[in-house]
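Undergrad: fold the following and give me the result.
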Amino acid sequence: MSPPVDISHLPFAKLLGIELVEATPDRVVARLEVRKELCTVPDILHGGAIMSLADTVGAVATVLNLTGGAATTTVESKTNFLAPVPLGDVATATSEPFHKGGRLMVWQTRITRGDGRLCAVITQSQMVLEPKKG
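TA: So this is what the prediction gives:
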């Protein structure tokens with residue numbers, strides 16, 4: 001496993017409390033402690049927080065594969081929610097590629113909780129934005 005990665009340049013991820021723990025061009029892993037302010041009723045991690053965690057790791061994975069000043073943006077994301085992540089637990093996101101093309105990358109992110117149970121599966125498409133010429 002690679003050392004922790006600094007995400008201080010990602011203000012929303014920092015606000016949520018996302019911690020990147022592994023980041024390579026073929027795999028990104030992050031953790032999110034389930035705090036009360038990230039929950040819905042009853043005390044389980046909000047679906048929007050799960051989707052934000054997945055979007056963050058998919059975007060980081062894409063950035064790790066970009067060259068020549070290119071950038072990225074999410075163009076599609078689909079989430080299947082399978083089990084809750086309760087207050088006090090930790091959600092772990094693992095993102096791996098389905099497709100790494102020059103104009104589009106597609107990532108699958110699996111969210112698990114502390115007991116290893118699969119909680120969500122997200123498929124995300126990231127458009128590669130070439131730098132402006134001129």
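Undergrad: look up phi and psi at Pro84.
TA: Dihedral angles of Pro84 (phi, psi; degrees, to the nearest 10) stand at phi -80, psi 160.
Undergrad: neighbours around the nearest residue to Leu64 once chain neighbours are set aside, how many?
TA: Take Leu64 and drop its neighbours on the chain: the residue closest to it by C-beta to C-beta, 6 or more residues apart in numbering is Pro25, 4.7 Å away. Heads up, the C-betas are built off the backbone N, CA and C, glycines and all. Using other C-beta atoms under 10 Å, the number of residues around Pro25 comes to 13.
Undergrad: now do the contacts for Pro25.
TA: Listed by C-beta atoms under 8 Å, 6 or more residues apart in numbering, the contact set of Pro25 reads Ala61, Leu64, Asn65.
Undergrad: let me know the closest of the residues you listed to Pro97.
TA: Ala61 (7.0 Å; C-beta to C-beta).
Undergrad: low-confidence stretches in the chain?
TA: By pLDDT under 70, the low-scoring segments of the chain are 1-6, 134.
Undergrad: and the helices in it?
TA: All helices of the chain, identified by DSSP state H, fall at 11-16, 47-63.
Undergrad: show me which residues of the last one are buried.
TA: Counting neighbours by 16 or more other C-beta atoms under 10 Å, one finds that the buried residues in helix 47-63 are 49-63.
Undergrad: what is the nearest of the residues you listed to Arg113?
TA: Ile50 (10.6 Å).
Undergrad: so what touches stretch 84-103?
TA: 26-36, 39, 43-45, 49-50, 53-54, 56-58, 60-61, 65, 105-114, 119, 123-124, 127-128.
Undergrad: just the strands from this structure, written as ranges.
TA: 19-24, 27-33, 39-40, 44-45, 71-81, 90-100, 104-112, 118-129 (DSSP state E).
Undergrad: could you say which of those strands is packed most deeply?
TA: strand 44-45 (a mean of 22; mean count of other C-beta atoms under 10 Å).
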